[in-house]
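just to be clear, the model below is a prediction. Sequence and coordinates:
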Amino acid sequence: MKNNLAFTLLELLLTLAVLAALTAVAIPQVGLLAGDRRLVRGGDLLRVEMTRLRVDAMREGRVLMLEGLLEGNSFRTRPYYSASDATEALDQTGTQTSLLTGASEGVVTILEQPSESQESIDLPEDITVEAVGVVSAARSMEIEQLTESDRSEGWSRPILFYPDGSTSTAVVTLSNPKLGRIVVRLRGITGDVTVSEVLPL
């Protein structure tokens, strides 16, 4: 007599039910992990861009600005053009004698900026700029006043990167309503950037 080993229909249905229950629990967790990765990628992207802007400001000898589109998913960077560029900026032909022949460092104005000098930084999908907090400093007040009209268009106060290697002190919060938020901090004196873990809303 031969014994045939096989599963009964009841055993197969029970196995399928257990697998379906495990899948129903596991798939949302995988989605949350992928979402967490998007938040982390957004924070890392912003950290890299802030570091790059600090180095570029020192290399070019000019103030660079970073502004976030509040409740949007992008940042923009652009140089701040001023009269002192005649003697300090890398792309100008001024020399130290320019100060003696009439170039004035005391007058600071935003000149017409070439559109190609503005760059856009897009965050990963579903990640938004929740808040941008910038500590006011005496040397940034005039720049903030001259860029105030941008705030009515939804742009944040500018985070500034100076030619001497210092920056604005700032806190940027990126978020996703389902996944949480991540906080990017910029320390003004040293220009160090730190990114938090994913935090609950």
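Structure's in. What do you need?

mind checking how far stretch 70-87 is from the chain centre?
Distance of stretch 70-87 from the chain centroid (CA atoms, centre = their mean, to the nearest Å) equals 14 Å.

mind pulling up the phi and psi values for residue 182?
Reported as degrees, to the nearest 10, the phi and psi values for residue 182 are phi -140, psi 140.

so it versus residue 173, what's the distance?
As for residue 182, its distance to residue 173 is 7 Å (criterion: CB to CB, to the nearest Å). Placement of C-beta: from N, CA and C, glycine included.

just how off-centre is the helix of greatest length in the chain within its chain?
Across the chain, the longest stretch assigned as helix under DSSP state H is helix 9-60. On the basis of CA atoms, centre = their mean, helix 9-60 sits 19 Å off its chain's mean C-alpha point.

so after it, what's the next helix or strand?
Using DSSP states H and E, the next helix or strand after helix 9-60 towards the C-terminus is strand 64-68.

where in this protein is the helix or strand with the lowest mean pLDDT?
helix 97-100 (a mean of 43; mean pLDDT, DSSP states H and E).

next structured bit after that one?
strand 119-122.

residues of that following strand that come out buried?
For strand 119-122, the neighbour count (16 or more other CB atoms under 10 Å) marks residue 121 as buried.

now it: mean pLDDT?
The average pLDDT within strand 119-122 is 92.

who does it pair up with?
strand 74-79 (antiparallel) (DSSP bridges).

coming back round to it: between residue 182 and residue 173, which one's more packed in?
More crowded of residue 182 and residue 173, by other CB atoms under 10 Å: residue 182, with 26 against 18.

so where's the chain shaky on pLDDT?
1-4, 26-35, 83-116 (pLDDT under 70).

center of it - which residue?
residue 46 (3.3 Å; CA atoms, centre = their mean).

who's in contact with residue 152?
By CB atoms under 8 Å, 6 or more residues apart in numbering, residue 152 lies in contact with nothing.
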